[in-house]
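Engineer: got a sequence here, can you model it:
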Amino acid sequence: MSRHLDLVRSFLEQLEARDLREEAILAREFSDIKARSVAWKTGGVCSTKVGSRLGNTKKNRYKDIVPYDETRVILSLLQEEGHGDYINANFIRGTDGSQAYIATQGPLPHTLLDFWRLVWEFRVKVILMACQETENGRKKCERYWAQKQEPLQIGPFCITLTKETPVNADIILRTLQVTFQKESRCVRQLQYMSWPDHGVPSSPDHILTMVEEAHRLQGAGPGPLCVHCSAGCGRTGVLCAVDYVRQLLLTQTIPPNFSLFDVVLEMRKQRPAAVQTEEQYRFLYHTVAQLFSRTLQKASPHYQNLKEGSFPRLSPHELTSAPTVTSIRSVASPPSPPDFLQNCAPICKDASSLRTSPALSATSRPPGGVLRSISVPGPPTLPMADTYAVVQKRGAPAGTGPGTRVPSSADAPIYSQVAPRSQRPVAHTEDARGTTPPGHVPADQNPPGPDAYEEVTNGAQTGALGFNLRIGRPKGPRDPPAEWTRV
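Structural biologist: Next up, the predicted model:
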């Protein structure tokens, strides 16, 4: 767990370190992705021969989005009735290497049957739809689901709408009953209603909600998620990439050199133009950064959002129950952590770094909104001790060998205590006979000020190895006085 969280933190810190260079960096990365994609096609690495055949081109919604041969979905259901094996769709591998996603275009009027052949043959339970039927006056997807009280018959498939409920302001959940040859199955469809073509949503929140809800509906059973928009590449690619990273987090398999550049590049080898625009690429970065931030919040009580707008807004209830977090750079791992789990320019810039402090747990939080930037108090200042330990290391008595030592009751302890001059009792400079008592330091005739250094030799030491130190009140960084040269 600790290593996994370190990798999550490392990714966020890399984004934070980009600062003002972020926009240029992402633009350069996306330009590189497009250049490599073109090279794969022209170099024959990713061929599209099947989708370019004369009989199949009419099944492509867009002539420049043709599925790669190596990963295309091959239909076998109902081939005996004269239906071909082609559909404009590709498999995309998941974190475990399985065929976790089917990325496909929105069905055309004459490919509706092929779409339901795909859903039935590969036992799809959940469909993610990231477009509307019509956008900006243009048809983007043929309706393949039934409406209330209106069953839809497509070839041998009968589709009935059993329930339609809004998940939130952007997402609609439909429960469909699909019947084929006297067998019925339940298929759920999640439609994102407000995602503009070639654009991005206003916030990552509902995208994360969509993929979380999809897996809740999917359950633990087999079957890929079917993801589509109009062309099945831009918005579809973003959804697949977000879910892919989410699965890495849930399974705690974030690689040491995790890179969204590599994730998108790998998906583009499987589905053409996955994550189609630079704006979508930036949105993907921001969504993943928010996903990582949530992961740290859930896993550790030592992390929190630091500045307004940096990561997701919390409700008042979440603010009062969420764990306290101080820094994405904190090194300490929490004991026994619980289970795991805008538009950004620059991403994670607001995730400022602060050192953790025990006193932070008492820091009050605002009653609503997000946590604002906070100043972490340092540890309480301890008062200066009244005495100082002084090392008194004495040499061996004269006349003894190098390996022997004659013990003496007159030996002084190795450690002695010396009080500051201002707190030491006034010493009698002479006794009745006019001599200085042994062990007393002669009084200074000119008492020093509060900032002066003080002799702490505790008596004369001639012919012995020892330390002769001066100690004064600490005043912060400074050079030692010029006279402090004696050792």
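
Engineer: pLDDT of stretch 190-209, averaged?
Structural biologist: In this model, stretch 190-209 has a mean pLDDT of 91.

Engineer: export that stretch to CSV, keeping only CA atoms.
Structural biologist: Presented in CSV, the C-alpha positions along stretch 190-209 are these (Å, rounded to 0.1, in the frame of the first residue of the first chain):
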residue,chain,number,x,y,z
LEU,A,190,-25.6,5.0,-19.2
GLN,A,191,-26.0,8.0,-21.5
TYR,A,192,-24.0,11.2,-20.9
MET,A,193,-26.2,14.0,-22.3
SER,A,194,-24.1,17.1,-22.3
TRP,A,195,-20.7,16.1,-23.6
PRO,A,196,-20.0,18.3,-26.7
ASP,A,197,-18.6,16.6,-29.8
HIS,A,198,-14.8,17.2,-30.1
GLY,A,199,-15.1,19.0,-26.7
VAL,A,200,-15.0,18.2,-23.0
PRO,A,201,-17.4,18.3,-20.1
SER,A,202,-17.3,21.2,-17.7
SER,A,203,-16.1,19.0,-14.8
PRO,A,204,-14.6,15.6,-14.3
ASP,A,205,-17.0,14.8,-11.5
HIS,A,206,-19.8,13.2,-13.5
ILE,A,207,-17.3,11.4,-15.8
LEU,A,208,-15.9,9.7,-12.7
THR,A,209,-19.5,9.0,-11.5
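
Engineer: for that stretch, buried residues please.
Structural biologist: For stretch 190-209, burial by neighbour count (16 or more other C-beta atoms under 10 Å) applies to 190-192, 195, 197, 200-201, 203-209. No exception for glycine: its C-beta is placed from N, CA and C like everyone else's.

Engineer: now, which of the residues you listed lie within helices?
Structural biologist: With helices defined by DSSP state H, the entries of these inside them are D205, H206, I207, L208, T209.

Engineer: which of the buried residues of stretch 190-209 lies closest to A146?
Structural biologist: Proximity of the buried residues of stretch 190-209 to A146 (C-beta to C-beta) peaks at Q191, which lies at 13.6 Å.

Engineer: please name the nearest non-neighbouring residue to the closest one.
Structural biologist: Excluding the flanking residues, the one nearest Q191 by C-beta to C-beta, 6 or more residues apart in numbering is M129, at 4.3 Å.

Engineer: could you check how far the closest residue to G232 other than its chain neighbours is from V242?
Structural biologist: Distances taken as C-beta to C-beta, 6+ apart place Q105 nearest to G232, at 4.0 Å, with adjacent residues excluded. For Q105, the distance to V242 (C-beta to C-beta, to the nearest Å) stands at 20 Å.

Engineer: which residues in the stretch 1-150 of the chain form strands?
Structural biologist: 89-93, 99-104, 126-129, 134-135, 138-139 (DSSP state E, counting those that start in this stretch).

Engineer: would you turn the ones you listed into JSON lines with distance to T236, mean pLDDT and mean neighbour count?
Structural biologist: Output for those, formatted as JSON lines (distance: least, C-beta to C-beta, whole Å; pLDDT from 0 to 100; neighbours: other C-beta atoms under 10 Å):
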{"stretch": "strand 89-93", "distance to T236": "9", "mean pLDDT": "98", "mean neighbour count": "23"}
{"stretch": "strand 99-104", "distance to T236": "5", "mean pLDDT": "98", "mean neighbour count": "24"}
{"stretch": "strand 126-129", "distance to T236": "8", "mean pLDDT": "98", "mean neighbour count": "24"}
{"stretch": "strand 134-135", "distance to T236": "15", "mean pLDDT": "94", "mean neighbour count": "13"}
{"stretch": "strand 138-139", "distance to T236": "18", "mean pLDDT": "95", "mean neighbour count": "10"}
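
Engineer: closest one to W40 among those strands?
Structural biologist: W40 lies closest to strand 89-93 among the strands of the stretch 1-150 of the chain, at 13.7 Å (C-beta to C-beta).
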